[in-house]
Structures are given as C-alpha cells and as structure tokens.
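K.L.:
With the sequence up front, the predicted model follows.
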Amino acid sequence: MKLSAFKNLPPPVRKILAALGILLAVFVISVSINDAVGFSSRFPTWRSIYSLLSREVPQVSELAENTAEVHFIDVGQGDCALIRTTDCCVLIDCGEYDKFGNVDRYLNYLGIKNIDLLIMSHAHSDHMGCMYRIAEKYNIGSVLMPEYSEDNIPLSGSYTRLMDIITSRKIPVICAEKGKMLNVGENGRLEVIAPVKDYDDLNNGSAVVRFTYGNVSFLFCGDIEKDAEQDILDSGADISADVIKVPHHGSGSSSTKKFVNAVSPQYAVFCTGVNNDFGHPHANIVNLYRNIGAEILRTDTDGNIVFSTDGEKIQTGTQKGQGSAPALKDAA
Ligand SMILES: [Zn+2]
C-alpha cells in the first residue's frame, strides 16, 4: 500500500492498520531477541514463549523450582559455560577479551548480577581473556582456579589484571585440588576432579569439575590433554557424566578412547569457533563420541547450547545456526 492510499483511508481503518503494524513489529523484535540468546523450539517452556506475541523480552530468567540449567555460551574459539540453579550461579571460563560483550549480554538477559563462583579452568586467553572485565562488573562470591607456581605463573595482562581485581576486592580464591567438593545452591554439587598433580603445561593443569544435580552430571574438562586424562583415570575419580564439555575444543591430542569410555556421555559439547585456525574439532574425535552413541552439539554450528534438568531427565535447546544470532556476533 502506498502512503497516499493509506492517508486516504478513513481514520478508524488507519488506526486499526497502525495498531496491527505495531503488533507485528513487537513480534519480530521478540523473536529476534529469542534468536539472539538462542533458544530452539525443542524446549517446551521456550516454545510457549513464542506464542506470547506482545512480550518484548521472554521470561526465560524465571528458572523453575528444582531445576538446573547449564548453558554453553558461544564465544567463538573459546570456552564459556554457565551453571544456574534457583539459588546459585557458576560461570566457568568466559572466552577471549573481545567476547566480554557476548557474555555480558547473555548474563544480562538472564537477569544475573551475582556470580557465586567464577571458575577459571586455566590461564589461556580463550578461557579467561575477558575474565577481569567480568570480575570488574559482577559481584563475585569466590574464584576457583588452578594454583600456579613461580615457574609457570602466567604473564599475560589479562591474568595480571584479574589477579589485581581479586586482590583489591578481597575475593576469596579456592585452589582447584582434586577431591574438593562445593555446593551449588541447595541441591547441586561440584567436585574438583583435576588437576591431580602439577604440570608444566597449562592445558594439562586445567581445573576439571563435575557438576551433579540429582542423578544428572556434567563434566567440564577445560583443555586437558592425554597425559592429564590418564592421570584422572589413574586417580579413580568417578568421571561418568551425561554431558561432557569435550576437552580442548575437540583437539586430536585429547579425548583418548579410555577416557571417553569412562565418561560415557549422552551428549558431547564442542566449544569451537567457526573456521578456527586450529582445525577444531578433529573429525576423528567427533566420530569417537558419535560412535559411542553421544549426541554431538557444537557452538560453531549450533550457537548457544542449553541443558535443563530436574535431576532425572535432560532437555536441550540450541540456537541453531550462525545466521540467526547477529546480536551475539557483533559483541563489543
Ligand atoms: Zn582453549
């Protein structure tokens, strides 16, 4: 309809058409915001959100009682995971320096202001490049991280600035030691699986943690390599998990058959960037998980990935595809 034709319509008809236009615009914005944070219609609670045409921001921040969510936030080539229960919030890694906007926007969207436990798996920038910015902005309860000796203490600016903030704000630091148990709210438990010993290599020295909620468990492996995997197996720790954050972005130097069989996951999550320089994930590693029956989920192709559990069943939701998430891709 041309503008002149619109003007020639009777005023009541113009008002009705204008109102319909506004409703359509609100619907488009609502769906765009949904896509930006990443929810597929596989999630029943989110499916209903799509039907609420007039709501500008879906109320996904309302977590159901006796439910835990684990989000794998797409930060390109890097790791970032969020554990969320009704009474606790844990952030594990956060990606490179320039991914702060992605993580910040995601946390804002969920209405998160306090991070009860901030975990740094290890001091490589693809895991903690923007962590000092997170620590600057959010209220941090405590930080869990590997203990670095004089010989292997990281020298990066990101690490130094994080340590400065931790010191100046007197944020308690928990040293990642095998066997340490932490509560995640009233119903969740977090066990430190590794490091089981000192390593010269930062990857092998990653903090590996297992989150358990009821009968459901998630294993977050940082960037451990074959050596640390073997040490974990030798330690006798229970590493069985329904969901594994695959070690080292699916590198061929990790995920030995023995380790993967011991975990025996139902879902394997690969945190990798699109067309990354490292060739992650390695095709053989993807096939290894697929061949034991695990469903493969990847941040490079699925975008943000979310799991929800009542402690018995697991539901998944994914953002699906790069093109649907412009707001998360142009982060500051
Ligand atoms: Zn990494």
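P.N.:
Done, it's in.
K.L.:
Could you check which helix or strand contains residue 75?
P.N.:
For residue 75, there is no helix or strand it lies in under DSSP states H and E.
K.L.:
Residues in a beta bridge with the nearest residue to residue 286 once chain neighbours are set aside, which ones?
P.N.:
Among residues not flanking residue 286 along the chain, residue 296 sits closest, at 6.0 Å (CB to CB, 6 or more residues apart in numbering). Glycine gets a C-beta too; all of them are placed from N, C-alpha and C. The partner list for residue 296 in beta bridges (DSSP bridges) reads residue 268.
K.L.:
and residue 296, how many neighbours does it have?
P.N.:
Residue 296: 17 surrounding residues under other CB atoms under 10 Å.
K.L.:
Next, give phi and psi for residue 290.
P.N.:
Dihedral pair for residue 290: phi -60, psi -40, per degrees, to the nearest 10.
K.L.:
Please report the distance of it from residue 268.
P.N.:
8 Å (CB to CB, to the nearest Å).
K.L.:
Which one of the two is surrounded by more residues?
P.N.:
Per other CB under 10 Å, whichever of residue 290 and residue 268 has more neighbours is residue 268, with 25 against 12.
K.L.:
Now do the contacts for the more buried one.
P.N.:
With contact set as CB atoms under 8 Å, 6 or more residues apart in numbering, residue 268 has these partners: 243-244, 246, 289-290, 294-297.
K.L.:
packing partners for whichever strand or helix holds residue 286?
P.N.:
Assigned by DSSP H and E, residue 286 belongs to helix 283-291. Applying 3 or more CB pairs under 8 Å, 6 or more residues apart in numbering; DSSP states H and E, one finds that helix 283-291 contacts helix 257-263, strand 267-270, strand 295-298.
K.L.:
now what about it, what contacts it?
P.N.:
244, 246, 250-252, 254-255, 257, 260, 265, 268, 270, 296.
K.L.:
Show me how to select, in ChimeraX, the buried members of the residues you listed.
P.N.:
A single ChimeraX command selects the buried members of those (16 or more other CB atoms under 10 Å):
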select :244,246,250,251,252,254,255,260,265,268,270,296
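K.L.:
Among the contacts of helix 283-291, which pair sits farthest apart?
P.N.:
252 and 265 (18.4 Å; CB to CB).
K.L.:
Quick one: residues contacting the closest residue to residue 241 other than its chain neighbours.
P.N.:
Among residues not flanking residue 241 along the chain, residue 219 sits closest, at 3.7 Å (CB to CB, 6+ apart). Going by CB under 8 Å, 6+ apart, residue 219 touches 193, 208-210, 239, 241, 243-245, 263, 265.
K.L.:
in a strand, that's where residue 219 is, yeah?
P.N.:
Yes. Assignment of residue 219 by DSSP: H, G, I helix; E, B strand; the rest coil places it within a strand.
K.L.:
Just grab the bridge partners of it for me.
P.N.:
residue 210, residue 244.
K.L.:
could you redo the contacts of residue 268 as TSV and give each row distance to the ion?
P.N.:
Formatted as TSV, the contacts of residue 268 follow (distance: CB to the ion, whole Å):
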residue	distance to the ion
243	18
244	15
246	11
289	18
290	22
294	20
295	22
296	19
297	17
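K.L.:
The ion: which of the contacts of helix 283-291 is nearest?
P.N.:
residue 251 (8.6 Å; CB to the ion).
K.L.:
if I pick residue 94, what's in contact with it?
P.N.:
Here residue 94 is in contact with 75, 80, 100, 103, 127-131, 134 (CB under 8 Å, 6+ apart).
K.L.:
Just put those residues in a markdown table and tack on pLDDT, distance to residue 62 and secondary structure.
P.N.:
Shown next, in a markdown table, are the contacts of residue 94 (pLDDT from 0 to 100; distance: CB to CB, whole Å; DSSP: H, G, I helix; E, B strand; the rest coil):
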| residue | pLDDT | distance to residue 62 | secondary structure |
| --- | --- | --- | --- |
| 75 | 96 | 25 | coil |
| 80 | 98 | 22 | coil |
| 100 | 97 | 26 | helix |
| 103 | 96 | 21 | helix |
| 127 | 98 | 30 | helix |
| 128 | 98 | 30 | helix |
| 129 | 97 | 31 | coil |
| 130 | 98 | 27 | coil |
| 131 | 98 | 28 | helix |
| 134 | 98 | 23 | helix |
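K.L.:
right, and residue 102 touches residue 71 too?
P.N.:
No. Using CB atoms under 8 Å, residue 102 is not in contact with residue 71, being 11.9 Å away.
K.L.:
So for these two, which sits in the more crowded spot?
P.N.:
residue 102 (27 against 22).
K.L.:
sec struct for the more buried one, please.
P.N.:
Residue 102 - assigned by three-state DSSP - is helix.
K.L.:
Got phi/psi on residue 306?
P.N.:
phi -130, psi 140.
K.L.:
what does the chain put close to the ion?
P.N.:
126, 223 (CB under 5 Å from the ion).
K.L.:
at 6 Å instead, please
P.N.:
124, 126-127, 223, 249 (CB under 6 Å from the ion).
K.L.:
Filter those residues down to the ones in strands?
P.N.:
Of the residues of the chain next to the ion, none are assigned to strands by DSSP state E.
K.L.:
Tell me the most packed of these, by neighbour count.
P.N.:
For those, neighbours tallied by other CB under 10 Å; top is residue 127, 28 neighbours.
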